[in-house]
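Visitor: next come a sequence and a model predicted from it.
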2 protein chains.
Amino acid sequence: MRGHQVTIKDIAKILHISPSTVSRALKDHPDINPQTKKNVQDLAKKLKYKPNQVALNLLQKESKLIGVIVPEIIHYFFSTIISGIEKIANESGYHIIIAQSNESYHKEVENIQALLSSNIDGFIITMAKTTLNFDHFKNVAEIGVPMVFVDRTCDKVTADKVLVDDFDGAYKATKHLIENGCKNIIHLAGPQNLDIGIQRKEGFLAALNDSNISIGDYSIQICDTHDHALKLIPEVLSRHNNIDGIFAVNDLTAIGAMKAVKSINKKVPDDIAVCGFTNSFISYIADPELTTVDQKGFEMGQHAARMLLKRIQSDENYGPVTTILNTDLIIRKSSLKKK
Amino acid sequence: MRGHQVTIKDIAKILHISPSTVSRALKDHPDINPQTKKNVQDLAKKLKYKPNQVALNLLQKESKLIGVIVPEIIHYFFSTIISGIEKIANESGYHIIIAQSNESYHKEVENIQALLSSNIDGFIITMAKTTLNFDHFKNVAEIGVPMVFVDRTCDKVTADKVLVDDFDGAYKATKHLIENGCKNIIHLAGPQNLDIGIQRKEGFLAALNDSNISIGDYSIQICDTHDHALKLIPEVLSRHNNIDGIFAVNDLTAIGAMKAVKSINKKVPDDIAVCGFTNSFISYIADPELTTVDQKGFEMGQHAARMLLKRIQSDENYGPVTTILNTDLIIRKSSLKKK
DNA sequence: ACTCTTTTCGCAAACGTTTGAAATAACCTC
DNA sequence: GAGGTTATTTCAAACGTTTGCGAAAAGAGT
């Protein structure tokens, strides 16, 4: 199997000196004779000595490993977050271990436990949709492992957070639909146990309110997947055929909605304007191209990583920090009605 | 900072027994007094004792960590591979460390080095497009760390490989285009230093050949990105306006080509049929929906993980294994001309 | 020649866990 | 009650590295 990696002990034995001397020689410790130093360093280079990280981890109680838990990496938004994290982490010599919860609470708990025992230096987490109990997070906090929540956060846990201004993004998107002639907009909302679900809904409602548009009991539909939208929209439209705008909690749902609209021979955007949230890759591919709110995944990932590293490297115990990023409204064809 | 995780020593101290007794009690060793066992196990549960993986790694020279190096996780295909790997790895108590090469040779080398010193148990790698020198892989092989290549492979390195039958996939796709009335198909090919680029091109050529369709000097265009296709296709079509089919080396390029075709007011599929390769998510979202070859990323990831685990856990030194998966042609609207 | 300082190095402990071997204590047998 | 067996526990080493402290040797100063 695996060939023996060269260790400090090997070098010590060859040179007939002690491991401690080798260790010091390798780090240019002033106590070591220059000649010994040279011998050690030359031999180390020749033998391609690489320090054993695991031994260092055990000793120094840091693994230079960041645990990242996301629902699913196949989603563009999450993979952009991960890319942002990886970039910053790598710059500081850290690596990331990725675990997916698949939106399952139990998998999330499992992942946390498993990564904890790997002596992870910190966590960056986007909660699963199904997570309603937060004991596993509280446990992490108690043990004292730093933790940053990204995008989906919750008040019940004390931790750093980075999120986008969902309320404002939703507000801007809804305002935009109104300004483009929509008089009866519905919102396909996310689960109301997640802040982002709540905030985007509230932003939507606020925009309607500010424009004095009345809200029907059908104006909010809990629906946040492509397939659900595909089924739901025809039903809703058959009951309320004066709907002329849809604001979806994410791009995939928006695209599902667009497909559904087209399937019943209505036109996007002229009959029904559609706007999504995330600005994922598919919004650019969709037909018509999807107006959406840029959620800045890469930036969020970068911020989260910076915040985590700061906390890992700090000795003080400063209070939790929340970073809120601005969103940008990306206007494309799916929302621009002919006037 | 970080609170003290409960260790075996802690339990030993509390119970006034030795760490070794605690260790054995926790694993139900027959030598231990049932009462002692119960005391230990109860206390361990109460204190939420979790074995320290790092200490185990050091002792047993395995980290239960698999290094995964891919070009970019934001690409659907790579993230499905990763998901497949993660699933199998998790089932065996392994976790995955992900590093992105961003298609850069240097980043790839860096990643390999960094992960090696973290005592990775093995690698699963999809090479960067720009990798032409393979010394870093050979180095891994010499040290004796198991390694599996996925999708993009190279003959120069002795290692396990899992790939799809690119030749056959391309052949089937091209045949399908021909059967649907295409008489002048071009191929948007990948880089010819990668096996997949070569194989898909060869499959394309073989299908044309078997149907006695002549090949022009413009029939193969090196072009494997969305944006390149967007620029290239209008040029090519203006010079050869009898082209009636496009087979692209990947979905994104196919979609770029479709957009380009539509931009010059030709119709997909009636004027020009289009077929991609990968069956990524966007192929389903595209308009018209894209005919493509299913590259089975998830299955490839699973296979790769199984092959790696087998090699990690095996003592024998069996020769390199190559697994070739079949592709499926997924027929959608972009290739079905009205007859 | 004696102490004092400086230079250079090694010892030992530590991180958390496992495990072969040794130790202790209790019990049994003849 | 000597010898033997069994049950239970502890010791010590090991994994690779770092680091405070002590030690040895050499040189300097008087």
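Guide: Cool, the structure landed.
Visitor: find the nearest non-adjacent residue to residue A:281, please.
Guide: residue A:76 (4.9 Å; CB to CB, 6 or more residues apart in numbering or on different chains). For the C-beta atoms, the positions are set from N, CA and C on the backbone; glycine is no exception.
Visitor: the one you found contacts residue B:73, doesn't it?
Guide: No: judged on CB atoms under 8 Å, residue A:76 makes no contact with residue B:73 at a distance of 10.0 Å.
Visitor: around DNA strand C, pick out the residues from the stretch 1-150 of chain A.
Guide: Contact residues, the stretch 1-150 of chain A versus DNA strand C (CB under 7 Å from any atom of the strand): A:16-21, A:31-34, A:36, A:55, A:58-59, A:61.
Visitor: for residue B:185, state which of those is nearest.
Guide: Ranked by distance to residue B:185 (CB to CB), these are led by residue A:55 at 58.4 Å.
Visitor: now do the helices in chain A.
Guide: Under the criterion DSSP state H, chain A carries helices at the ranges A:8-15, A:19-26, A:34-46, A:53-60, A:76-91, A:105-116, A:135-143, A:166-179, A:195-210, A:226-239, A:251-263, A:281-285, A:297-313.
Visitor: now the angle from the first one to helix A:34-46?
Guide: Using axes from the mean of the first three to the mean of the last three CA atoms, to 10 degrees, the direction of helix A:8-15 lies 120 degrees away from that of helix A:34-46.
Visitor: in the stretch 151-300 of chain A, what residue lies closest to DNA strand D?
Guide: Going by CB to the nearest atom of the strand, DNA strand D is nearest to residue A:160 of the stretch 151-300 of chain A, at 28.2 Å.
Visitor: my guess is that residue contacts residue A:141, does it?
Guide: No: look at residue A:160 against residue A:141 with CB under 8 Å: they stay out of range, at 10.9 Å.
Visitor: could you pull up the residues touching the closest residue to DNA strand C within the stretch 151-300 of chain A?
Guide: In the stretch 151-300 of chain A, the residue that lies nearest DNA strand C is residue A:159 (23.7 Å; CB to the nearest atom of the strand). Residues near residue A:159 by CB atoms under 8 Å, 6 or more residues apart in numbering or on different chains: A:137, A:141, A:147-149, A:320.
Visitor: in chain A, where is pLDDT below threshold?
Guide: A:1-3, A:339 (pLDDT under 70).
Visitor: the residue in the stretch 101-250 of chain A that DNA strand D sits nearest to: neighbour count?
Guide: DNA strand D sits closest to residue A:119 of the stretch 101-250 of chain A, with a gap of 12.8 Å, by CB to the nearest atom of the strand. By other CB atoms under 10 Å in any protein chain shown, the residues close to residue A:119 number 22.
Visitor: cool, residue A:259 as well?
Guide: By the criterion of other CB under 10 Å, residue A:259 has 18 neighbours.
Visitor: which residues touch it?
Guide: Residue A:259 neighbours (CB under 8 Å, 6+ apart): residue A:230.
Visitor: then residue A:86?
Guide: Residue A:86 neighbours (CB under 8 Å, 6+ apart): A:96, A:301, A:305, B:98-100.
Visitor: rerun at 10 Å
Guide: Contacts were defined as CB atoms under 10 Å, 6 or more residues apart in numbering or on different chains; by that measure residue A:86 touches A:66, A:68, A:94-96, A:98, A:301-302, A:305, B:73, B:98-100, B:102.
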